[in-house]
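Participant: from the sequence below, what's the structure:
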Amino acid sequence: MTRWFENIALNEIFPLGSHTFTADEIIRFASLYDPQYFHLDPEAAKHSHFGGLVASGWHTVSVGHRRMVDALDAEEQRLRGLGEEPGISGPSPGVNTMDFKVPVRPGDTVSYELVVTDKRASNSIPGWGLLFNRITATNQRGELVYTAEVVGFSKLRDYRAPASQRVLLALTRLPLIGGLLKRRS
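Facilitator: Below is the predicted model:
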């Protein structure tokens with residue numbers, strides 16, 4: 001998230017954009033990353049339980065992730081345009097759930113959204129908070145294609161480490177003491 005942890009409102013919907021999947025793109029992705037016949041061969045896919053060519057779930061997720069990164073970059077630029085300093089996002093410690101509901105077929109246009117459903121300060125990384133997000137993807141018929149519950153880090157704007165941590169950090173920068181402390185860890 002490119003907003004500071006303190007500025008992130010719960011349940012705000014962030015539209016991430018949409019993407020239209022083509023047969024060529026589905027086959028190209030599958031040949032590189034998920035070479036199963038129902039992703040690769042339109043004729044053979046007719047005899048699968050899908051009844052035709054479908055995109056890999058990982059393809060659907062990858063496109064959504066790209067849309068999310070692009071949307072976050074646009075939000076950062078928007079904030080800078082308003083003269084505001086954007087927040088700092090961190091990595092994701094994981095995905096809690098991911099469900100593929102309806103297959104994505106050639107010609108489907110999938111729209112992605114992100115909602116922050118909960119947040120809390122990190123217990124293990126001072127100065128950072130955890131964001132609990134739901135990502136949804138729906139096709140042009142309004143059918144839910146996939147949903148995921150993912151966690152991400154967001155920096156706290158006004159965090160200041162306790163004095164004891166600041167002293168320890170300063171000590172690690174001294175050549176002799178820093179070397180001793182690093183060997184103990």
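
Participant: is the spatially most central residue of the chain within a helix or a strand, and which one?
Facilitator: Central residue of the chain (C-alpha atoms, centre = their mean): residue 65, 5.5 Å from the mean position. Under the criterion of DSSP states H and E, residue 65 resides in helix 57-81.

Participant: got it, and residue 2?
Facilitator: Using DSSP H and E, no helix or strand contains residue 2.

Participant: so it touches residue 70, yeah?
Facilitator: No: judged on C-beta atoms under 8 Å, residue 2 makes no contact with residue 70 at a distance of 11.7 Å. Using the backbone N, CA and C atoms, a C-beta is placed for each residue, glycine as well.

Participant: ok, these two, which is more surrounded?
Facilitator: residue 2 (20 against 12; other C-beta atoms under 10 Å).

Participant: so who does the more buried one touch?
Facilitator: Taking C-beta atoms under 8 Å, 6 or more residues apart in numbering, we find residue 2 in contact with 72-73, 75-76, 79, 86-87, 89.

Participant: try 10 Å this time
Facilitator: 8, 71-80, 86-89, 154 (C-beta atoms under 10 Å, 6 or more residues apart in numbering).

Participant: SS state for residue 114?
Facilitator: strand (DSSP: H, G, I helix; E, B strand; the rest coil).

Participant: how far away is it from residue 64?
Facilitator: For residue 114, the distance to residue 64 equals 9 Å [C-beta to C-beta, to the nearest Å].

Participant: no more questions from me, cheers.
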